[in-house]
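Chemist: Next come a sequence and a model predicted from it.
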Amino acid sequence: MRTTRRGLGLLLVMGLGLVAASCGSGDEEPKAQGSAGADGPVTITVGCQPPKSNPKERTAWDADVAEFQKLHPNITVQSKDAFPCINPDTFQAKLAGGTQEDVFYVYYTDVQKIIKARQAADISQYVGDVKAAGDVRDDVMSVFKDGDKTYGLPRNNYNMGLVYNRKLFTQAGLDPDAPPKTWSDVQAAAKKIAGLGAGYVGFGEYSAGNTGGWHFAASLYARGGSMVSDDGKTAAFNSGEGKAVLENLKQMRWNDNSMGSKQLLQWEDLMRMMGSGKLGMMIGAPDVVQSVNNDFQGKFEDYGVTAVPESEGKASLSGGDGYMFNPKATPEKIKAGLLWLEFHELTPGKGQFNYARSKEQGRPVGLPIPDLYGDSAPGQEIIALRKQYATVPVDHFAPYVAAQSNITNKLEPPKAQELYAVLDVAMSAVLTRKDADIDKLLSDAESKANKILAKNT
Amino acid sequence: MAVTEQQVRRPQLPGAADPPPEDDRRGALRRSVGRNLTAYGFLCGALICFALFSWYPMVREVILSFQENNFVDPPRWVGFDNFRSVIEDPAFRSAWINTAVFSGLALVIGYAVPFVLAVVLNELRHAKAYLRFVVYLPVMLPPAVAVLLFKWFYDPGAGLFNQVLDVFHLPPLSWLDSTSTALVSLVLVSTWMNLGTGTLIYLAALQSIPGDLYESAELDGAGLFRRVWHVTIPQTKLILLVMLLLQIVATMQVFIEPYLLTGGGPENATVTVAYLMYQYAFNFGDFGGGGALGLMLMVVLMVFSAIYLRVSREEAR
């Protein structure tokens, strides 16, 4: 009797399992979403509408949607809000669950991974209709390309610099208008800031949740190093430049004691520290100032940005974001999405570049980002508009802007997240262990990275 | 074979040899179903919930672990490639060692403390309800909140724990920032968060022990320790064994503590199997690898549970 019951139970479980497996194993062919004629009505869902907690930006977005729909009466834009605009943790789930927007937002870091996984639509045959795309900097467009195919358009672009707290510089007896140009300058400034008292940190750095590896790459590029070989098949960070990155941190953490005792910091930690006014310097782009001002109680006027020390004539890790298209989107949706992106993200004086409206709303204008066009005509037009409607002290970003002409933007390495996870180990070791052996750390990381790069390369 | 007269004439028990007529059988079945309809209704609800939220994800995970799936194109069967790939991952070994050490430490610290607390609470004569509430309070906090609370406690500068050490003129500890203390620190958080549930279960078991046993032990001159050793532990043995199994199964799946407190650092000292699984699935976009790790963990826990149940059954005999 017991055996029969057990058998029946097993059968029931197996049956349910098989039913479940058969109804959702995902073996079915992807179906294209409903299509429309050339000028027929088409509805697109677009990600990254500003959240309700940011009413000014949301109002501006909604006004742009209304204006766009007036220009294109056959297109309906359904905005999807989220903060932050993309959570990489839910990306796969949204795609699997069919709730991914037709036009979805991405960080540069994830673009190549998405392309390689064939999780974005190839828009090569339609992107030619976006005239503005022809003026976008080649290095920026290359982020969204794989060979001769295009998979998206940029919204924001910047490269890494050194963000510093001007107020703390003044308090520590440093000149905020003469930010550090060398790593020795950074070390000296960090010591003075840390000397202001308990809780003050001269220089902050990440070392957990893959952010440590990301900033290692930023510092490495700025010293002229590379994360991977030219063919992308082997690691190249176990070099003089890589060693210098870690030695510099070791010096500040243990000899100068200017990096604070709390480590294993992740993205929000440094933002919070910067916003609280206790952190002197960190590697970051001008968007850090924007985040600190908008979300972490900092004030624009207290911060400045300069180039990463000793990076002139070398490279800087580029960063930014943009939009890609749902692989199941129909050609009509892709065309409509491209029209929206051209209108909202790429047209001087419109959408994100409507600086007149931003000023009227009391939103910050004057940050040297996004830099999508370089010196081309739209780029010049945007710079002129930014200057005309500036509401933030643009001088505070002048050292960063001035250095741009001598710095090459460099993209993130292949398998960026995996490599960053490996380099988190080296970064956390140097920042938490006084006797960390830098040569061994780099050599271990190199062999691990080579294994990762060898997989499916 | 011929049938004898005796066999033919043998009186038969009603319903024993002759099958009941078809109508009678159907009627009995109908009556039985009618009687238990409510029970079947409840059973269906539970079965649907389990099927949707437990069994279906498990089956999907098993399938995923043998596939390359980008959730766009039809998935491709890749055999054991995902398993090979995660086994070759440099973090794989660390993750299993850390998980085993975490479970071991959680047993040493987290298994004994609730039992001792329950014994103490059971012996108390005053403020029983208040103290039970205090012990159970951490369970009511959302886990993320509890973990973030400890993030502040562990802060090497202004954190509570180092302030306490300072009061006693003891040197500050690095807590989460040191490879030697990070994992122990996570165990402390985990123990604190789950203390209440364990204590309540033990307390319920303790209260079901007949008072006569303690009285007899006391008459025989047994002190507190001997009463616990000779009465309490044998009487709660079943609960202790069940809790041991549950605790190991739960701690082997530790995720939220390393995710929120250390990000797997320093130097991978707190990367656990569940955390690595998360990294694969959500940071690296490799659901196949994540599924493979999940399946390995499930198999390990199933084998462990089977061995454990067999040993405890044999011991019970």
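Modeler: Yep, that arrived. Numbering: from 1, shown residues only, chains lettered A, B, ... in the order given.
Chemist: Count the neighbours of the closest residue to A:K350 other than its chain neighbours for me.
Modeler: Spatially, and ignoring its direct neighbours in sequence, A:K350 is nearest to A:F343 (6.0 Å; CB to CB, 6 or more residues apart in numbering or on different chains). (Glycine included, C-beta is placed from N, CA and C.) A:F343 has 19 neighbours, counted by other CB atoms under 10 Å in any protein chain shown.
Chemist: May I have the phi/psi pair for A:F343?
Modeler: phi -70, psi -50 (degrees, to the nearest 10).
Chemist: Run through the stretch 201-317 of chain B and note the low-pLDDT ranges.
Modeler: Residue ranges of the stretch 201-317 of chain B with pLDDT under 70: B:315-317.
Chemist: count of neighbours near B:A112?
Modeler: 11.
Chemist: The residue nearest to A:K350 reaches A:D64, doesn't it?
Modeler: Yes. Counting by CB atoms under 8 Å, A:F343 does reach A:D64; the two are 7.4 Å apart.
Chemist: quick one: common contacting residues for these two?
Modeler: Common neighbours of A:F343 and A:D64, counting by CB atoms under 8 Å, 6 or more residues apart in numbering or on different chains, are A:350-351.
Chemist: sorry, back to before: residues touching the residue nearest to A:K350, list them.
Modeler: A:64, A:68, A:71, A:350-351.
Chemist: closest to chain B among the residues you listed?
Modeler: Nearest to chain B, judged by CB to the nearest CB, of the contacts of A:F343 is A:F68 at 27.9 Å.
Chemist: Tell me if the closest one really is in a strand.
Modeler: No. Using DSSP: H, G, I helix; E, B strand; the rest coil, the assignment for A:F68 is helix, not a strand.
Chemist: Wait, it touches A:G337, no?
Modeler: No. Here A:F68 lies out of contact with A:G337, judged by CB under 8 Å, at a distance of 11.3 Å.
Chemist: Which of the two has more residues huddled nearby?
Modeler: A:G337 (29 against 19).
Chemist: my read: the more buried one touches A:Y105, true?
Modeler: No. In this structure A:G337 lies outside contact range of A:Y105 using CB under 8 Å: 11.9 Å.
Chemist: where does the residue in the stretch 251-400 of chain A positioned nearest to chain B land in three-state SS?
Modeler: Using CB to the nearest CB, the single residue of the stretch 251-400 of chain A nearest to chain B is A:S261, 4.0 Å away. At A:S261, secondary structure determined by three-state DSSP is coil.
Chemist: go on, B:G41?
Modeler: Taking three-state DSSP, the label given to B:G41 is helix.
Chemist: Number of residues surrounding it?
Modeler: When neighbours are counted by other CB under 10 Å, B:G41 registers 10.
Chemist: and the helix or strand hosting B:R60, anywhere near chain A?
Modeler: Element membership of B:R60 [criterion: DSSP states H and E] is helix B:56-64. Yes. Using CB under 8 Å from any CB of the partner chain, helix B:56-64 comes into contact with chain A via B:56, B:58-60, B:63.
Chemist: Who wins on neighbours among those?
Modeler: Comparing the residues of helix B:56-64 next to chain A on neighbour count, B:V59 comes out first with 22 neighbours (neighbours: other CB under 10 Å).
Chemist: okay but B:V62 is in contact with B:L295, surely?
Modeler: Yes. With contacts counted by CB under 8 Å, B:V62 reaches B:L295, the gap being 5.9 Å.
Chemist: Put the alpha carbons of stretch B:228-244 into CSV.
Modeler: Once non-C-alpha atoms are left out, stretch B:228-244 reads as follows in CSV (Å, rounded to 0.1, in the frame of the first residue of the first chain):
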residue,chain,number,x,y,z
VAL,B,228,19.2,18.9,29.9
TRP,B,229,21.5,16.1,28.9
HIS,B,230,19.4,13.2,30.0
VAL,B,231,15.9,14.5,29.6
THR,B,232,15.7,17.5,27.3
ILE,B,233,18.0,16.4,24.5
PRO,B,234,16.6,12.8,24.2
GLN,B,235,13.1,14.1,24.3
THR,B,236,13.7,16.7,21.5
LYS,B,237,16.0,14.5,19.5
LEU,B,238,13.6,14.3,16.5
ILE,B,239,13.1,18.1,16.3
LEU,B,240,16.9,18.5,16.7
LEU,B,241,17.6,16.2,13.8
VAL,B,242,15.0,17.8,11.6
MET,B,243,16.3,21.2,12.3
LEU,B,244,19.8,20.0,11.6
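Chemist: Double-check the residue of the stretch 251-400 of chain A closest to chain B against B:L176; I have them as touching.
Modeler: No. Judged on CB under 8 Å, A:S261 makes no contact with B:L176 at a distance of 11.1 Å.
Chemist: which of these two has more neighbours?
Modeler: B:L176 (30 against 17).
Chemist: show me what contacts the more buried one?
Modeler: Contacts of B:L176 by CB under 8 Å, 6+ apart are A:264, B:151, B:154, B:182, B:185, B:261-262, B:266.
Chemist: Could you verify that it is part of a helix?
Modeler: Yes. B:L176 forms part of a helix when assessed by three-state DSSP.
Chemist: Report how many residues lie close to the closest residue to A:V394 other than its chain neighbours.
Modeler: Closest residue to A:V394 apart from its sequence neighbours, by CB to CB, 6+ apart: A:G366 at 4.4 Å. A:G366: 20 surrounding residues under other CB under 10 Å.
Chemist: what pLDDT does A:G366 get?
Modeler: With respect to pLDDT, A:G366 has a value of 91.
Chemist: Equivalent analysis for the one 5 residues further on, please.
Modeler: Reading off the confidence values, A:D371 has pLDDT 90.
Chemist: my read: it touches A:R155, true?
Modeler: No. With contact defined as CB under 8 Å, A:D371 does not count as touching A:R155 (11.9 Å).
Chemist: which residue packs closest to B:F102, ignoring adjacent ones?
Modeler: Closest residue to B:F102 apart from its sequence neighbours, by CB to CB, 6+ apart: B:V254 at 5.4 Å.
Chemist: now that neighbour: how far from B:Y214?
Modeler: Taking CB to CB, to the nearest Å as the measure, B:V254 falls 37 Å from B:Y214.
Chemist: who has more neighbours, those two?
Modeler: A count of neighbours by other CB under 10 Å puts B:V254 above the other of B:V254 and B:Y214, at 24 against 15.
Chemist: from what I can see that one touches B:T272, true?
Modeler: Yes. Contact status for B:V254 versus B:T272: in contact at 5.1 Å, counting by CB under 8 Å.
Chemist: Can you pull the residues of the stretch 101-250 of chain B lying near chain A?
Modeler: Close to chain A, as judged by CB under 8 Å from any CB, the stretch 101-250 of chain B has residues B:155-158, B:172, B:174, B:176-179.
Chemist: Count the residues that sit near the residue in the stretch 201-317 of chain B that chain A sits nearest to.
Modeler: Minimum separation of the stretch 201-317 of chain B from chain A (CB to the nearest CB) falls at B:G263, amounting to 3.0 Å. Neighbourhood size, B:G263 [other CB under 10 Å]: 26.
Chemist: show me what contacts it?
Modeler: Neighbouring residues of B:G263 by CB under 8 Å, 6+ apart: A:208-211, A:264, A:266, A:424.
Chemist: and chain A, what are its domains?
Modeler: For chain A, automatic domain parsing gives the domain ranges A:42-158+A:319-388, A:161-318+A:394-454.
Chemist: B:R76 is nearest to which of these?
Modeler: Proximity to B:R76 (CB to CB) singles out domain A:42-158+A:319-388 among those, at 11.3 Å.
Chemist: tell me the contacts of the nearest residue in space to B:L160 that is not next to it in sequence?
Modeler: Take B:L160 and drop its neighbours on the chain: the residue closest to it by CB to CB, 6+ apart is B:F153, 4.4 Å away. Shown in contact with B:F153 (CB under 8 Å, 6+ apart): B:159-161.
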